[in-house]
Structure formats: C-alpha cells, structure tokens
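Engineer: everything below, folded, please.
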Amino acid sequence: MQLEQARQTETDATRAAGEIAPREATRLGELTSGQWRSGTAAWLGWLFDGLDMHLYTLVAAPVVLQLIGTVSNADPGVKEKSAYIQAAFLLGWALGGSFFGRLGDILGRSRALSLTILTYAVCTGLCAFAQTWWQLMLFRFIAALGIGGEWAVGASLLSETWPKAWRPWIAAMLQTGVNLGILGAAITVGLLSLVLPPHSERYVFLVGVLPAFLVFWIRRHVPEPEAWQRAARESDGERPRARDLFRGSVAPITLRTTTTCALALSGWWLFQFWQSQHLRRLLVDAGTEAGEVTRIVSASFFVLNAMAIVGNFAAGWLARAIGNRRAIVVFLAGLGLGIIAAFIVPRSVNSLAFFWFPLAGFFSGVFALFTMYLPPLFPTLLRTTGAGFCYNIGRVAAAVCTIVFGLLAPVNDYREALLWAGALALVAAGWSLALPGDSVT
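Structural biologist: Sure thing, here's the model as predicted:
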C-alpha cells in the first residue's frame, strides 16, 4: 500500500517540478537561479568527493609504511594494511550511501548534502593526525560515509531540478567534477612532494578540510527541491520504508542494478587502488628516487583522469544515441578488455602510465551514466535510498575484492589482482544486459 502511495506521490512530484522550471529549458539561459544553485552545490560536492577520496590512494604506501614502523616497501605488512584501510573506506562508502541516502529522503536533499560534505571534510583532515594504521582506517571509514552519501543525495537533487532531456550531460558534468577533484588530489600531492620534507606525506590530508566551508553556502542558498517538498507534504506521514526496495515491482530493479554496480565497482576499484601500487613498485625496483616516484605516480593519475573526463562526455553522447542501458554495456566491456590488455603481459612504466591507464580511464566514463540513470528508477520518497543503496552497496563487494585479490597476489606483485579487476568488469558488462530500461520520470 505504501509503495502504491509512493508511486502516486511520484506522479504529483513530477507535476510539481514545473514550479521550479515552468517548461523544459533547452538553453543554459533558460535555466532558473534555483537550478543553477542546486547544480553548483552538487557539482562542488562531487569535486571535493574526488579530492578527498583519492588523497589516500596516492600516498597509501609511504603513509602506511610509516605508521606500521617498517622501512621496506617489500614488507608484506604494507600491502596488507593498505588493503584493510582501503576496504574499510569502501565499506564506509557503501554504508554511507544507504544511511545518508535514507536521510536525504527523510530530511531533504539540501540538508543531507550539507551533512555528507561536513562528514567527509572533517574526517579527511583528521587522517593527518593518525598515529597508527587502525586510526587512519577509522578516519577513512567515517570520511567514506559522507562521500558515499553525497553521491546519492547530489544525484537525486539534480534529477529533481534539472531538465530530463539533459540527464546524460548532467551526469557527465557531475562525474567530471569527481575527475577534476582527483586531478586536484594528484596536483596537490605532486606539489607538496616538492616542498614537504621526506616522510611527511600524511599532511596532504589537511587539504581535505576545505570542503567544510561549502556547507555554509549550501544551507543558505540551496532550497529543497519542490518535487521532494510536495511529495513529503502529500505523503501524510506514510512514507515508503527502506524495505520497500525489496517489494513488488521495485524489487527486480533493486536486485539487477545492485548486482551490476557491485561487479563494476569491484573491478574499477581494484584497478584504481592496485594500479598505482603496481606502478610505484616498478619505479622502486628501477631505483627511482622516492620524491620522483610520487611525482610520476601523480602524473599518471592526472593523465588517467583527464581521459576519464573525455570518457564521461563520450558515454553521455552514446547514451543519448542508444540509451543508457546499451551504453553501459559497451563501456563496461571496453573497461574490462582495456584492463586485461594492460596487465596480460609485463609492460613498461611509460606504456602503462601514459597509454593503458588512460585507456581504462576513458571507459570509466560508464560510471557517469549511473548518476542520472539510477535515481529516476525509484519513487521520489525512496529515490536517494534506492540510488544510494544500489550504487554504493557495490562498495562492500569492492572492499572484499580489494582484500582477497590483494592478499592472494604474490608479495609486491599486483598484476594478478589487476587481471581479476578486468574480468569483473567484463562480467558486469554481461550482467548489465538485464538492467531495466531508461526511466522517463
């Protein structure tokens, strides 16, 4: 009964969207000030998401090496503890997507967005003061709660305020915000490596506090979407519950999208995390000076994510041409094949860093498509809950894969784990054929 009421509320909320934009804007000049503010808030939130999430990825090895009190990168404890910390981050991301996604449906998009940003900003800064590896793991876990929640809330905010016909390009712009944040992390680490004394990599986390100042602007200038306000008023307190994701016609949507996201995100995060460790290992084995190693890894990350921006818009263009579902299949297949080709045989640092990694980055544009594809599949008052759960629960699978494949791989050799990353992306491509068709709500 509640689910049927939610569907009726969805119809009312869709009608009410006209109060934000009297008609579908076809040009930038036709967008309302409310749409610009919501778009800016979501985009900046995603930008700082990318910055905060990848600061650790770029300095994981040296920071963990210091915290566990060893002097050798070949120490298996470095890889083991790095994997645990990354797994905790991915687990926090998954739980945050569900937790803050639920708050987004209950409290509203703008309020929940502020809470997510404040959470990940403060806890990323605290990482600079960790004295043990498990303290770093705890701070990264809590920061990830906010990062995971911001995805669901920001995506729903824009799906309810911006023109439906623009969804592929909106998704590309949001994902580009993440990529620019990642580039910002690479630039930050690269520049700080020039001025910080040796073994001071942990202080790059202090840059992650900056997003906290965005919260004050959001609370002052970004109102709740009218679609959410109308749905909340007309629900009469009978709102859908989280368990309604697994009932009726919504259940197949939840299961199919969750499985696809779990497979795809597991493959991508295995690649994202272990590729930089693999590159670092190759450089260390070649006798490269420590500061130069960090700069090369940062430069590789920069090129990879610059290509990811191109991939975001290529994926958006393809989605407009053939639909989201088919575009997801094509890009996931390209991602899997590209990763496998990169690691099926030993390759040089230059080949990996400046051809194969950027190729994978291009096909990572697939993750931009999920941004606007998932929220409209669910009723308004179940929207951030559904999108947050289906997308971010994949982080749990990714967390398990990061540990399992990392520990099974030979010490200081990550190619085997990276080949598994490509295989998972290919399986995700096959499974995504079962995804529901694009929603028109």
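
Engineer: what residues are up against residue 188?
Structural biologist: Listed by Cβ atoms under 8 Å, 6 or more residues apart in numbering, the contact set of residue 188 reads 51, 55, 204, 207. Bear in mind the C-beta positions are built from the backbone N, C-alpha and C, glycine included.

Engineer: repeat the analysis, applying 6 Å as the threshold.
Structural biologist: With contact taken as Cβ atoms under 6 Å, 6 or more residues apart in numbering, residue 188 is in contact with 204, 207.

Engineer: what's the distance between it and residue 306?
Structural biologist: To residue 306, residue 188 is 16 Å away according to Cβ to Cβ, to the nearest Å.

Engineer: host element of residue 181?
Structural biologist: Assigned by DSSP states H and E, residue 181 belongs to helix 167-195.

Engineer: quick one: distance of that helix to the chain centre.
Structural biologist: Relative to its parent chain, helix 167-195 has a centroid offset of 12 Å by Cα atoms, centre = their mean, to the nearest Å.

Engineer: what residues of it count as buried?
Structural biologist: 167-186, 188-190, 192-193 (16 or more other Cβ atoms under 10 Å).

Engineer: ok, now stretch 373-388?
Structural biologist: Buried residues in stretch 373-388, counted by 16+ other Cβ under 10 Å: 373-388.

Engineer: tell me which two of those sit farthest apart.
Structural biologist: Farthest pair in the buried residues of stretch 373-388 (Cβ to Cβ) is 373 and 381. Separation: 19.3 Å.

Engineer: next structured bit after the lowest-mean-pLDDT helix or strand in the chain?
Structural biologist: Lowest by mean pLDDT, DSSP states H and E among the helices and strands of the chain is helix 2-16, with a mean of 46. Next along the chain after helix 2-16, taking DSSP H and E as the criterion, comes helix 33-67.

Engineer: packing partners for that next one?
Structural biologist: With contacts taken as 3 or more Cβ pairs under 6 Å, 6 or more residues apart in numbering; DSSP states H and E, helix 33-67 sits against helix 76-107, helix 109-126, helix 133-159, helix 167-195, helix 214-221.

Engineer: so who does the closest residue in space to residue 138 that isn't next to it in sequence touch?
Structural biologist: In space, and not counting its chain neighbours, residue 138 is closest to residue 88: 7.7 Å by Cβ to Cβ, 6 or more residues apart in numbering. Counting by Cβ under 6 Å, 6+ apart, residue 88 makes contact with 137, 140, 141.

Engineer: distance check, residue 88 against residue 79.
Structural biologist: As judged by Cβ to Cβ, residue 88 and residue 79 stand 15 Å apart.

Engineer: same check, this time on residue 259
Structural biologist: For residue 259, the distance to residue 79 equals 29 Å [Cβ to Cβ].

Engineer: who has more neighbours out of these two?
Structural biologist: Comparing residue 259 with residue 79 by neighbour count (other Cβ atoms under 10 Å), the higher total belongs to residue 79, at 25 against 20.

Engineer: distance of that one from residue 258?
Structural biologist: Distance, residue 79 to residue 258, by Cβ to Cβ: 29 Å.

Engineer: show me the shaky parts of this structure.
Structural biologist: Where the chain drops to pLDDT under 70, the residues are 1-24, 70-76, 235-238, 394-395, 398-399, 402-403, 405-413, 438-441.

Engineer: on that earlier part again, out of the contacts of residue 88, grab the one that's most surrounded.
Structural biologist: Highest neighbour count within these: residue 140, with 29 neighbours (other Cβ under 10 Å).

Engineer: surely it is in contact with residue 91?
Structural biologist: No. Look at residue 140 against residue 91 with Cβ atoms under 6 Å: they stay out of range, at 10.0 Å.

Engineer: does residue 298 belong to a helix or a strand, and which?
Structural biologist: Per DSSP H and E: residue 298 is located in helix 290-322.

Engineer: check which element follows that helix along the chain.
Structural biologist: Sequence-wise, the next helix or strand downstream of helix 290-322 (DSSP H and E) is helix 324-343.

Engineer: and the next helix or strand past that next one?
Structural biologist: Next along from helix 324-343, by DSSP H and E: helix 349-351.
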